[in-house]
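> This is the structure alone, sequence omitted:
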């Protein structure tokens, strides 16, 4: 199968960190790290390899990244995300089967422009490239394979805005993506999905303790639909992917 996925957990809120104060500097780097309790669901239609089923995993994701902001408001961000210890429930119906391991990681490179207004409000446009990898382990035996892998890569664009409130900055964003990906197992199954469109919505609040230190809480929702097997009538089916998270991260500017 092929994947369309956006991992924009940091990007919608990047501009909220640097309104007027960052604009006045020669060039700023910002390190950030945090955690985000996350719910991941992937659903197959009746023609899917496992029939009409949904796999779910609830886990905590560890996030980290580095942002560079120019005096003109141009920025570049490199973000990493990795699920911590997690399981999924796709194979719970198999007798005498314990929960199977699950993992998800992503690497996102983003470039954008943030414009700060006189009273602290800001708008931002951004785009970038994402690579993501998901693995769902399976019980072998009785199944003939021990893991599914869901890999994707592609481009995205988005817009956002921020406004001073409650002693900090609130922000919101919308992003869309066009990606391709692959679903495969370790017993020879391999299927792809071509380019498609997915979306991500986010909102957050940032509070700065000092010029250097800040903390951000954010919530996001992502939804994507993939059509697999476009070149073979025997392997055509659709997959829906939903990801929701509520996270917090700490940043340090230098």
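Here it is on my side, so go on. Because the structure is a prediction, the values reported are computed rather than measured. Numbering: from 1, shown residues only.
> which ones are touching residue 174?
With contact taken as C-beta atoms under 8 Å, 6 or more residues apart in numbering, residue 174 is in contact with 158, 159, 160, 199, 200, 201, 202. Heads up, the C-betas are built off the backbone N, CA and C, glycines and all.
> Could you check which helix or strand contains it?
Counting by DSSP states H and E, the element that carries residue 174 is strand 168-185.
> I'd like to know the predicted local confidence at residue 38, please.
pLDDT, residue 38: 97.
> circling back: just the contacts of residue 174 now: which is nearest residue 124?
Comparing the contacts of residue 174 against residue 124 with C-beta to C-beta places residue 160 closest, at 4.7 Å.
> and the closest residue to the closest one other than its chain neighbours, what are its bridge partners?
Counting by C-beta to C-beta, 6 or more residues apart in numbering, residue 173 is the residue found nearest to residue 160 once chain neighbours are left out, at 3.2 Å. Per DSSP bridges, the residues bridged to residue 173 are residue 160, residue 202.
> Just give the number of residues close to residue 173.
25 (other C-beta atoms under 10 Å).
> show me where pLDDT drops low in the stretch 151-254 of the chain?
By pLDDT under 70, the weakly predicted segments of the stretch 151-254 of the chain are 230-234.
> Now do the strands in it.
Here the stretch 151-254 of the chain has its strands, by DSSP state E, counting those that start in this stretch, at 168-185, 190-208, 213-228, 237-253.
> just so I know, which of the ones you listed lies nearest residue 53?
With C-beta to C-beta, the closest approach to residue 53 among the strands of the stretch 151-254 of the chain belongs to strand 237-253: 10.7 Å.
> what ranges do the helices span in this structure?
20-23 (DSSP state H).
> Residue 204 contacts residue 215, correct?
No - using C-beta atoms under 8 Å, residue 204 is not in contact with residue 215, being 10.6 Å away.
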